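# build me a model:
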Amino acid sequence: MMYWIYNTVLVLLLPLVALYAVMRGRGVSRLRHGFKERSGRLAFKRSDKRDRALWFHASSVGEVQMTVPLIHAVEERFPNHRPFLSTMTETGRETAQRLLGKRRMTFFFPLDFPWITSRVLDEVNPRALFVAETEIWPNLLYQCHRRDIPVVLFNGRISDRSFRRYRSFRFFFKEVLHCVNAFGMQTENDAERIIEIGAPRKRVVITGNLKFDRPVIQPDEGETKKITASLGLAEGRPVFVAGSTHDGEEGVVLQTFRGLKQIEPALVLILAPRHLTRLNDVIAILNREGFSWVQRSRVSSEGFTGDVILLDTMGELDGMYGIGDLIFVGGSLVPVGGHNILEPAAFGKPVMYGPHMENFREVARRIEAEGAGVQVRDGRELLEQAQRLLTDRTHYGRMSRAAIRAIQRNQGALEKTLRILAAYL
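Below is the predicted model:
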């Protein structure tokens, strides 16, 4: 009965979701892109369904970047298995293809209607389904349960917002979660939350956070020169990177940048909005504030002597963190929940972020505990902390070493996750 109600709601909501996508500026063409795969008609045909397929699902860019090392580890230990990776977003799929190579099968995650998920399961015929973080799709999980396909949720986390929503419908999600064979959760708090929602306690294991298991990236002078040259920046020019910013943050960042320019006139800002659909809004802010700027895709090989480079390309933010001297990670000065501060930390970069880190609360706690990150409440504090990092090299070096230490001390989730997955391989 509950699945019937769920599927009825899905059918009713589908036109509204399509209208919302168009009104948000994604447009009909982007909505159409990948629709065949989302409706269960995959773009590839498996040549041999006798091989042991494994279906990994990672929603967007961050989850893909976390999942790829796990896929590589599974391939190394279980070479007779063939991984497939689905994503929710276009940028997630582009990232997956770039990191995994075109020879591995990637596809858009199907709409969670029973006839669609059944069609995809027929085509992929997975030995197991491994789902990153907290992607709970009732029809897919139920279809796997009916077919005796093991399901493992790995690197699981339950945000404050998701917990309230899931708990309100516990009577339904308890039934859905019984279709999952194992839950690898990031923290004890995440474990208790998934149990309260309805997961059987004996199936829940605390593994830590896979995002800590990315390798520490030692500065590569050649790669740094390559990136700075591609941006038209003079060698040695200091760089302030503001990554994954949201509405309400660009103005604060630009005011901070204006203050920093009084100390270091050569400083350049690389501004990377989280959603490229907001580019026109950000351009309007840049024009209003009077800075000289250029879009990343239009940088001239003759060199850039202006103030701001607006990152309008996908897949390059990680590299920008690598060349940055000052790093601010957005989605944190406004109530969005924050973004992944481990990306710059892996380069040994001190990282600044706002108070709204609900989605990365434990990560922020561990980064702060090592002295590798600093939380700022507003633009005034952001300017103060950035000024100190810019002028006090001893303080900067101490935080840089702490960033590397924070990554190294919290690793180990990959091996724990592999042990869970191995039980189904």
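# ok, now which ones touch the most centrally placed residue in the chain?
Centroid-nearest residue in the chain: Gly62, 1.9 Å away (criterion: CA atoms, centre = their mean). If a contact means CB atoms under 8 Å, 6 or more residues apart in numbering, then Gly62 has 211, 339-340 as its contacts. (C-beta placed from N, C-alpha, C; glycine too.)
# burial count for the residue nearest to Ser159 when sequence neighbours are not counted?
Nearest residue to Ser159, sequence neighbours excluded (CB to CB, 6 or more residues apart in numbering): Asn359, at 5.1 Å. A total of 20 residues lie near Asn359 under the criterion other CB atoms under 10 Å.
# got it, and Arg405?
Arg405: 16 neighbours (other CB under 10 Å).
# hang on, the earlier thing: surely the residue nearest to Ser159 is in contact with Gly337?
Yes - using CB atoms under 8 Å, Asn359 is in contact with Gly337, at 3.6 Å.
# give me the common contacts of the two.
Contacts common to Asn359 and Gly337, judged by CB under 8 Å, 6+ apart, are Ser159.
# check which helices and strands the host helix or strand of Ile327 sits against.
Following DSSP states H and E, one finds Ile327 within strand 326-329. Here strand 326-329 touches strand 239-245, helix 250-261, helix 342-345, strand 351-353, helix 379-391, going by 3 or more CB pairs under 8 Å, 6 or more residues apart in numbering; DSSP states H and E.
# okay, these, which one's buried deepest?
Ranked by mean neighbour count, these are led by helix 342-345 with a mean of 28 (mean count of other CB atoms under 10 Å).
# so what's the gap between it and the chain middle?
When C-alpha coordinates are averaged (CA atoms, centre = their mean, to the nearest Å), helix 342-345 and its chain have centres 12 Å apart.
# next one: stretch 396-411
Distance, stretch centre to chain centre, for stretch 396-411: 21 Å (CA atoms, centre = their mean).
# list the buried ones in it?
396, 399-400, 402-407, 410-411 (16 or more other CB atoms under 10 Å).
# circling back to that earlier point, in JSON lines, list the helices and strands packed on strand 326-329 along with mean pLDDT.
Formatted as JSON lines, these follow (pLDDT from 0 to 100):
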{"stretch": "strand 239-245", "mean pLDDT": "98"}
{"stretch": "helix 250-261", "mean pLDDT": "98"}
{"stretch": "helix 342-345", "mean pLDDT": "96"}
{"stretch": "strand 351-353", "mean pLDDT": "98"}
{"stretch": "helix 379-391", "mean pLDDT": "98"}
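# reformat those as CSV; add distance to Gln218.
As requested, the helices and strands packed on strand 326-329 are exported to CSV (distance: least, CB to CB, whole Å):
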stretch, distance to Gln218
strand 239-245, 18
helix 250-261, 27
helix 342-345, 14
strand 351-353, 18
helix 379-391, 20
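# what's the closest of the ones you listed to Met66?
Proximity to Met66 (CB to CB) singles out helix 342-345 among these, at 9.4 Å.
# send the alpha carbons of that closest one over as CSV?
Extracted in CSV, the C-alpha atoms of helix 342-345 (Å, rounded to 0.1, in the frame of the first residue of the first chain):
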residue,chain,number,x,y,z
LEU,A,342,38.8,18.5,2.5
GLU,A,343,39.6,19.3,-1.2
PRO,A,344,41.8,22.3,-0.3
ALA,A,345,43.1,20.6,2.9
